[in-house]
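Visitor: Provided below are the primary sequence and the corresponding predicted coordinates.
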Amino acid sequence: METSKLVPFFQEKLCLFHLRSRKKMSVLQEMVRHLAEQKLISDGHFIMEMLKNRESLGSTGLGNGVAFPHGRSLAIKKLIVLFARSAGGIDFDSLDGKPTKIFFLILAPSDKGAEVYLALLSQLIGLVQKPAELKKLTEVTDYKSLIELLGG
Amino acid sequence: MPLKEAHRLLIALQDLDIMIKEAKDKSTSKELESLGFKLTGLEELQDARSKLAKKISPTVLQRYKKLTGRYTMAILPVTGDLCLGCFVKLPTSFFSSINRDLLQTCENCGRLLYIP
Ligand SMILES: [Zn+2]
């Protein structure tokens, strides 16, 4: 998967450039609520439980200010990707203990294999490992700039 | 619309079992760890699973267990008029107003089915 292939996964209506929440669970809640408002999931509480379980397996806050909350469920019909940003950063139990500013929430169906979301995760992690790209991501406040970054 | 309680418990259990299976699976966990994820909370997941299983009736749980021994997915949603597990057409009675909200069974493969 090349970087430019990332662009189709991101929809403008699924980008939150100014997260309001300040705590780990409320950030997850804010993102899930947004997906419910957009009618992409029918049962937000159900998805929240799944994401909480995933976090208990090990924080998806990988450090360097980025987290990748993810999970698979039968309640998900097709792959959903949500981008969110918190200017101030949030304590997300990240592996390096630093505040998390960028979130890529990935939800995938469970009746298909893990390959799809693993490939996407790997591609996104590759992107944020480039310091210059990561810096730009933490500063991005509009969809056009985000897409330019992902497609670049 | 939120899922019916009986369906939602079983779906949550199956999702959790898939998560546990993935964390235990050598190639998937290796891939996740190579990406930087630390999968250290397997015990917490097992605890969450036991708690959830206690909320499900023993009869249903027994059937679920039997099915997971045979298939990857023990419970599936119905789309159209087919069982997505074995692709056999479901009887009309399946969609009757009395039955449509119940947890039903595919007469051909035995999988648990629900109408989302
Ligand atoms: Zn069947």
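Guide: Alright, I've got the coordinates.
Visitor: At which residues are the strands of chain A located?
Guide: A:15-16, A:61-63, A:66-67, A:70-73, A:80-90, A:100-109 (DSSP state E).
Visitor: any residue of the helix or strand of chain A with the lowest mean pLDDT up close to chain B?
Guide: When each helix and strand of chain A is scored by mean pLDDT, DSSP states H and E, helix A:115-128 comes last, with a mean of 91. Yes. Helix A:115-128 is in contact with chain B by Cβ under 8 Å from any Cβ of the partner chain, via A:Leu118, A:Leu121, A:Ser122, A:Ile125. C-beta coordinates here come from the backbone N, C-alpha and C atoms, glycine included.
Visitor: List the buried residues of that helix.
Guide: A:Tyr117, A:Leu118, A:Leu120, A:Leu121, A:Gln123, A:Leu124, A:Ile125, A:Leu127, A:Val128 (16 or more other Cβ atoms under 10 Å in any protein chain shown).
Visitor: Quick check: nearest residue in space to the second one, chain neighbours excluded?
Guide: The spatial neighbour of A:Leu118 that comes closest, neighbours along the chain excluded (Cβ to Cβ, 6 or more residues apart in numbering or on different chains), is B:Glu31 at 5.8 Å.
Visitor: Quick check: which element contains that neighbour?
Guide: According to DSSP states H and E, B:Glu31 maps onto helix B:26-34.
Visitor: Out of the buried residues of helix A:115-128, flag the one nearest to B:Leu82.
Guide: A:Tyr117 (26.0 Å; Cβ to Cβ).
Visitor: what's near enough to touch the closest residue to that closest one other than its chain neighbours?
Guide: Using Cβ to Cβ, 6+ apart and skipping residues adjacent in sequence, the residue nearest A:Tyr117 is A:Ala108, 4.2 Å away. Taking Cβ atoms under 8 Å, 6 or more residues apart in numbering or on different chains, we find A:Ala108 in contact with A:His70, A:Gly71, A:Arg72, A:Ile76, A:Leu79, A:Ile80, A:Ala114, A:Val116, A:Tyr117.
Visitor: what does the model give the spatially closest residue to the first one that is not a sequence neighbour for pLDDT?
Guide: Pointing back at A:His70 there. Distances taken as Cβ to Cβ, 6+ apart put A:Ile106 closest to A:His70, at 4.1 Å, once the chain neighbours are dropped. Here the pLDDT value assigned to A:Ile106 is 97.
Visitor: A:Ile106 reaches A:Val81, doesn't it?
Guide: Yes. With contact defined as Cβ atoms under 8 Å, A:Ile106 reaches A:Val81; the gap is 5.6 Å.
Visitor: just how off-centre is the lengthiest helix in chain B within its chain?
Guide: Determined from DSSP state H, the single longest helix within chain B is helix B:5-24. Distance of helix B:5-24 from the chain centroid (Cα atoms, centre = their mean, to the nearest Å) equals 6 Å.
Visitor: Identify the residues contacting that helix?
Guide: Contacts of helix B:5-24 (Cβ under 8 Å, 6+ apart): A:43, A:46, A:49-50, A:53-54, A:57, A:71-75, A:110, A:114, B:2-3, B:28-29, B:32, B:39, B:42, B:45-46, B:48-49, B:52-53, B:55-56, B:60, B:64, B:68, B:73-75, B:103, B:112, B:114.
Visitor: In helices, which of those residues fall?
Guide: Within the contacts of helix B:5-24, residues falling in helices by DSSP H are A:46, A:49-50, A:53-54, A:57, B:28-29, B:32, B:42, B:45-46, B:48-49, B:52-53, B:60, B:64, B:68.
Visitor: Apply the buried test to those residues and list what passes.
Guide: Using 16+ other Cβ under 10 Å as the burial test, the ones in helices among the contacts of helix B:5-24 include A:46, A:49-50, A:53-54, A:57, B:28, B:32, B:42, B:45, B:48-49, B:52-53, B:60, B:64, B:68 as buried.
Visitor: now the least confident helix or strand of chain A against helix B:26-34, angle please.
Guide: With axes from the mean of the first three to the mean of the last three Cα atoms, to 10 degrees applied, the angle from helix A:115-128 to helix B:26-34 works out at 20 degrees.
Visitor: So what touches helix A:115-128?
Guide: For helix A:115-128, the surrounding residues in contact (Cβ under 8 Å, 6+ apart) are A:1, A:3, A:5-6, A:9, A:62, A:64, A:66, A:68, A:70, A:72, A:79, A:81, A:102, A:104, A:106, A:108, A:133-134, A:137, A:150, B:28, B:31-32, B:35-36.
Visitor: Brilliant, that's me finished.
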